[in-house]
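Enquirer: how would this look folded up:
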Amino acid sequence: MTLEDAPAGDASLVTDLVLRSPYPLLPTPDEIERIEFQHSVVSQILGCRFLPTIGHFDIHSRLRILDCGSGSGTWVSEIGFALPESTVTGFDIFDVPCKFKPANVDFVVADANDPPLPFADSTYDIIHSRFLLLGITNWVRYISELKRLVKPNTGEIHMIEITAPPLPVGDDDTKMIRDLLDASLGQANISIFMASKLGDYCRAAGLTITHEKMYPFAYGDWPEDPEQSRVGGLMLSCTMEGVQKIAMRLCETKGYDSKPYMAQVAAYLDQKRKPAGEIWRFCVAVVL
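Expert: Next up, the predicted model:
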């Protein structure tokens, strides 16, 4: 499903692809720009591309690395340039052309919700999975599939997820649209609060989390520390832009007016720019 030339608000594509895929954010040009911006901000928060445990790998050896849900391919390409001796493969349900792709990187169109994935057993030294909470409908099945693909005893699965902020509550019209969003994700068995259950999902798949760390960040630009304020404000704006897109596109498929919801989101955004804003965390885990 290639959307390279699709306009940002093409309702016909919205209707077709939203109904066929559980993932509610389509890879239109403006969304690709948003996720590339998000990648930059998240890298600043994490302070690294890989997790600390990569230290026990010889990064000059020929590692085989798999990235799940590659989106624009930014992470895959960066790792390919950083580890030129390694082979890096990314897959995504959408065929999104990558701007800059080194020779040791390739991409495959595949659906993480439709196993088996088109890769051989026990192939990868490192499997990277980040921000798939809106795309995976069965986490135990998904993690079990990653277990099949990772090299036993020596390979690692790196998972990064975030618990999403609560959606705003407004008047009856806005509540109707918010409930539509909740119901649409619920029908696909998608939970925006799955990060807190990551350990349970891994154990159910027969795996163990050997390294886990929470990365706190301000959700908004309210901190007094200039750097925390800058990064928190960027992360809030990026996330809320995604929330707006999900709401607008789901409303379009049902013929609802999204304007009341957008007004409520704007009010919510303004509220989070005040000192009462929250601290949110990335849940980062290494799974063996």
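
Enquirer: Wasn't Arg210 part of a strand?
Expert: You called it Arg, but residue 210 is Thr. Yes - the assignment for Thr210 (DSSP: H, G, I helix; E, B strand; the rest coil) places it in a strand.

Enquirer: Could I get the full set of helices for this protein?
Expert: 11-20, 29-46, 74-82, 139-149, 172-187, 198-204, 226-254, 259-271 (DSSP state H).

Enquirer: ok, now which ones touch Ile59?
Expert: By CB atoms under 8 Å, 6 or more residues apart in numbering, the contact set of Ile59 is 83, 86. For the C-beta atoms, the positions are set from N, CA and C on the backbone; glycine is no exception.

Enquirer: can you rerun that using 6 Å?
Expert: Leu83 (CB atoms under 6 Å, 6 or more residues apart in numbering).

Enquirer: what's the pLDDT at it?
Expert: Looking at Ile59, its pLDDT stands at 74.

Enquirer: Could you do Val96 as well?
Expert: 80.

Enquirer: any idea how far it lies from Gly90?
Expert: 10 Å (CB to CB, to the nearest Å).

Enquirer: which of those two has more neighbours?
Expert: Between Val96 and Gly90, counting by other CB atoms under 10 Å, Gly90 is the more crowded of the two (28 against 23).

Enquirer: how many neighbours does the nearest residue to the more buried one once chain neighbours are set aside have?
Expert: Counting by CB to CB, 6 or more residues apart in numbering, Gly90 lies nearest to Ser70, which is 3.2 Å off, once chain neighbours are set aside. Neighbours of Ser70 under the rule other CB under 10 Å: 25.

Enquirer: cool, and the one 10 residues further on?
Expert: Close neighbours of Gly80, defined as other CB under 10 Å, add up to 25.

Enquirer: can you tell me how far it sits from Tyr215?
Expert: For Gly80, the distance to Tyr215 - CB to CB - is 24 Å.

Enquirer: cool, Ser70 as well?
Expert: In terms of CB to CB, Ser70 sits 21 Å off from Tyr215.

Enquirer: likewise Asp67?
Expert: 19 Å.

Enquirer: Just want to know which of those two has more residues nearby.
Expert: With neighbours defined as other CB under 10 Å, Asp67 and Tyr215 compare such that Asp67 has more, 26 against 15.

Enquirer: pLDDT below threshold where in this protein?
Expert: 1-24, 49-55, 163-193, 247, 249-250, 253-254, 256, 261-262, 264-283, 288 (pLDDT under 70).

Enquirer: mind listing the strands for the stretch 51-200 of the chain?
Expert: Taking DSSP state E, counting those that start in this stretch as the criterion, the stretch 51-200 of the chain carries its strands at 64-68, 87-92, 105-109, 126-130, 156-162.
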